[in-house]
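*Asks:* I need the structure of the sequence given here:
(one chain, ligands or ions: 2)
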Amino acid sequence: MNLLDYTPEVKTALEQKQPVVALESTIITHGMPWPDNLSMAQNVEQIIRDNFAVPATIAVLDGRIKIGLSQSELEQLAKNENALKLSRADLAVCLVQKKTGATTVAATMIAASLAGISVFATGGIGGVHKDAENSFDISADLQELAQTPLTVVAAGAKAILDIPKTLEMLETLGVPVISYKQSEFPAFWSANSGLKAPLRMDNTKEIASAHTYRRALGIKGGQLVANPIPPTHEIARDTLNPIINQAISEAKQANILAKDVTPFLLRRIFELTDGESLNANRELMFNNAKLAAKIAQFL
Ligand code: PSU
Ligand code: MN
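*Replies:* Ligands and ions are numbered 1, 2, ... in the order given. Below is the predicted model of the structure:
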């Protein structure tokens, strides 16, 4: 079955084996407000081009998986308030029903892998939520990293999550968690989480080799490259913690569940920090795009 539509730019790049970096779209539709979401998405694509790779923003439009979006498709999606949030569980039904949706880290990995793309830049992956022992809320992103062969560059796991449990889960699933140029695992809005990352690498070529070696070993799944937010843009953990706790308790009171939890928390944190968290989110995304483009040179 032919499920993928490519933009000419991405199609040519893949045919000519040029470096390509996949980008998710849930950060656009569910992670940032209009119109900041559109300018972020456009800037991220440009940063990837400036670093000698081709960006492929992935989404589902009217039941077709798009590998790369045109300027007008990107704008339509950024404005679309009804776009679904698609993870592994939702993709097939969305295609059959010819709906439009943004892909999470998990769904983007599936589509990128089908398209033959090896590197993917996002903001932060989903993980094990605080209170998961009661809610059982664990992102499908973690299982996807264990199954689908992409190198995913993220600024660690969002501080709204239980980071120790997220790291334990990744270890159980056999996902390499590699901090870039530091020993600590980063916490999205802050460069440090207080926890050591299981692995550290300082060299993009070696990161690309680790991807290749994993495949040569016949080990399923991808690897997570945790790239700390640049220090000038980080928000101190102590500043953010009370805000995160407030957002979580509001979510509980409003009975926000399942897919709605992460978008709700991100939105409340943007509001409660007067947009400071949005700036940090944008900057770490740019930083991840740049690193992903550099890794893609070697794959
Ligand atoms: N990182 C961001 N903003 C986001 C997300 C990640 O900076 O909006 C999205 C990603 O698409 C990720 C999803 O896959 O949140 C995780 O959602 P959940 O916790 O429901 O699995
Ligand atoms: Mn969840």
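
*Asks:* Pull the contacting residues for the residue of the stretch 151-299 of the chain found nearest ligand 1.
*Replies:* Residue nearest to ligand 1 within the stretch 151-299 of the chain: Thr262 (3.8 Å; CB to the nearest ligand atom). To be clear about C-beta, it is placed using only N, CA and C from the backbone, and glycine gets the same treatment. Residues near Thr262 by CB atoms under 8 Å, 6 or more residues apart in numbering: 30, 126, 139, 158, 160.

*Asks:* Same check on Pro33?
*Replies:* 267, 270, 278.

*Asks:* can you check Asn82 too?
*Replies:* So Asn82 contacts Thr100 (CB under 8 Å, 6+ apart).

*Asks:* before we move on, what about Leu23?
*Replies:* 41, 44-45, 48, 55-58, 108, 120-122, 289 are the contacts of Leu23 under CB under 8 Å, 6+ apart.

*Asks:* and the stretch 101-250 of the chain, which of its residues are near ligand 1?
*Replies:* 104-105, 122-124, 126, 139-141 (CB under 6 Å from any ligand atom).

*Asks:* The residues you listed in helices, which ones?
*Replies:* 105, 140-141 (DSSP state H).

*Asks:* now the residue of the stretch 151-299 of the chain closest to ligand 1: how far from Ala247?
*Replies:* 11 Å (CB to CB, to the nearest Å).

*Asks:* And for Leu142?
*Replies:* 22 Å.

*Asks:* Against Gln297, how distant is the residue in the stretch 101-250 of the chain positioned nearest to ligand 1?
*Replies:* When scored by CB to the nearest ligand atom, the stretch 101-250 of the chain has Gly123 as its residue closest to ligand 1, at 2.4 Å. Relative to Gln297, Gly123 is positioned 22 Å away (CB to CB).

*Asks:* who has more neighbours, these two?
*Replies:* Gly123 (28 against 15; other CB atoms under 10 Å).

*Asks:* Surely that one is in contact with Ala155?
*Replies:* Yes - between Gly123 and Ala155 a contact is recorded at 6.3 Å, counting by CB atoms under 8 Å.

*Asks:* For these two, list the residues in contact with both.
*Replies:* Joint contacts of Gly123 and Ala155 (CB under 8 Å, 6+ apart) are 188, 284-285, 288.
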